[in-house]
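> Dropping a prediction and its sequence here:
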Amino acid sequence: MESVSAAAFDESYYQRYYFDKKTKVADPQHIERLGAFVCSYLKYLRVPVHRVLDIGCGVGLWRDIVAQHFPQASYHGVEFSEYLCRRYGWERGSVVDYRAGEPFDFLICQGVLAYLSPPDLKRALSNLGTLTRGALYVEAVVREDYERDIVDENLTDPQLFRHRAEVYRRGLSRQFKEIGGGVWLSRQSDVPLFSLECAAE
């Protein structure tokens, strides 16, 4: 069982899931609401944000959101798709093994991890902890979402792996504290949290 290959993320993939109004899953208004929530939460917690990594950045929907909420921060987009790297100028890389000279303050990983096989997912979850010393936002569809019938399978990419939520939580909890809404805080961070701001461990 292998992760979805880079060849799958070609122009036709982005036409279907991002640009065609009938089949796209990326709703700019949803991303704006999500970004406002995540960034406001980080500001409320006083997480210092100077360097932002968006890994699997796609068409760059988070770039303007980061600029709006953290105008002093640098934004760096990394993408697995060769097509998008050519089109938008992103750095090519994978969440499984991407390396940076120093960790980031805020890492965004949206809609990426479910494309990974179990071994690659394990490596990626560990690598996220290496890449950030601050906050992490993760979004991934899990098996329980399908079982509870809250996933529209007509719109959702059938290539996604259906990993259990516990697989993600177990992999991330070694290096992060879960603080709700898909947001995690690095255990290296010295931002103080009240007990009820964190999920039970």
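Received the coordinates, thanks.
> The residue nearest the centre of the chain: what secondary structure?
Centrality entry for the chain: nearest residue to the mean C-alpha point is residue 109, 1.3 Å, by CA atoms, centre = their mean. Under DSSP: H, G, I helix; E, B strand; the rest coil, residue 109 falls in the strand class.
> beta partners of it?
Note on residue 109: beta-bridge partners residue 138, judged by DSSP bridges.
> My guess is it contacts residue 135. True?
No - the criterion here is CB atoms under 8 Å, and residue 109 misses it with residue 135 at 11.4 Å. All C-beta spots, glycine's among them, are computed from the backbone N, C-alpha and C.
> name the element the closest residue to residue 104 other than its chain neighbours belongs to?
Nearest non-adjacent residue to residue 104, counting by CB to CB, 6 or more residues apart in numbering: residue 53, 4.2 Å away. Using DSSP states H and E, residue 53 sits in strand 51-55.
> neighbouring strands for that strand, and are they parallel or not?
In the sheet, strand 51-55 lines up with strand 74-79 (parallel), strand 104-110 (parallel) (DSSP bridges).
> Other residues contacting the helix or strand just after the shortest one?
Translated: strand 74-79. For strand 74-79, the following helix or strand on the C-terminal side (DSSP H and E) is helix 82-88. With contact meaning CB atoms under 8 Å, 6 or more residues apart in numbering, helix 82-88 is reached by 6, 9-11, 14, 57-60, 77, 79, 90-92.
> and if you look at stretch 2-18?
So stretch 2-18 is contacted by 23-26, 58-59, 80-84, 96, 115-117, 120, 157, 159 (CB under 8 Å, 6+ apart).
> pLDDT averaged over that stretch - what is it?
Here stretch 2-18 scores 91 as its mean pLDDT.
> Off-centre distance for that stretch?
How far stretch 2-18 lies from its chain's middle: 17 Å, per CA atoms, centre = their mean, to the nearest Å.
> repeat for stretch 170-182
That offset, for stretch 170-182, works out to 13 Å (CA atoms, centre = their mean).
> first vs last residue of that stretch, how far apart are they?
14 Å (CA to CA, to the nearest Å).
> in it, what's buried?
By 16 or more other CB atoms under 10 Å, the buried positions in stretch 170-182 come out as 171, 172, 175, 176, 177, 178, 179, 182.
> check contacts around the last one.
Right, the one you point to is residue 182. So residue 182 contacts 38, 137, 138, 139 (CB under 8 Å, 6+ apart).
> can you redo the strands paired with strand 51-55 as CSV with distance to residue 66 and mean pLDDT?
Shown next, in CSV, are the strands paired with strand 51-55 (distance: least, CB to CB, whole Å; pLDDT from 0 to 100):
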stretch, distance to residue 66, mean pLDDT
strand 74-79, 5, 98
strand 104-110, 8, 98
